[in-house]
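1. no sequence on this one, just coordinates:
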């Protein structure tokens, strides 16, 4: 099985005084060639003061 990295996202936290935890983000994929977009996806991003632990899709 071969895996490919197709996307990398960088995040910056504006409010560093809030405690570490999880934040929900909403995102979708745009396909310019087909002039279409995917459904909105809600994911939870787990944060700490120094690194991101992971992104977990909540809906597809």
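-> Looks like it arrived, so ask away. Here the structure is a predicted model, which is why all the values come from computation and not from measurement. Residues are numbered from 1 along each chain as shown.

2. C-alpha from now on. contacts and neighbour counts both.
-> Will do.

3. Could you list the low-confidence segments of the chain?
-> Across the chain, the ranges flagged by pLDDT under 70 are 5, 7-20, 48-60.

4. mind listing the helices in the chain by residue range?
-> Taking DSSP state H, the chain contains no helices at all.

5. Tell me where it has strands.
-> For the chain, strands defined by DSSP state E occupy the ranges 21-27, 30-31, 36-37, 41-47, 52-57.

6. of all those, which lies closest to residue 1?
-> Closest approach to residue 1 among the strands of the chain is made by strand 52-57 (22.2 Å; CA to CA).

7. Tabulate the strands of the chain (TSV), appending distance to residue 6 and mean neighbour count.
-> Shown next, in TSV, are the strands of the chain (distance: least, CA to CA, whole Å; neighbours: other CA atoms under 10 Å):
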stretch	distance to residue 6	mean neighbour count
strand 21-27	16	12
strand 30-31	14	11
strand 36-37	17	10
strand 41-47	17	16
strand 52-57	15	12
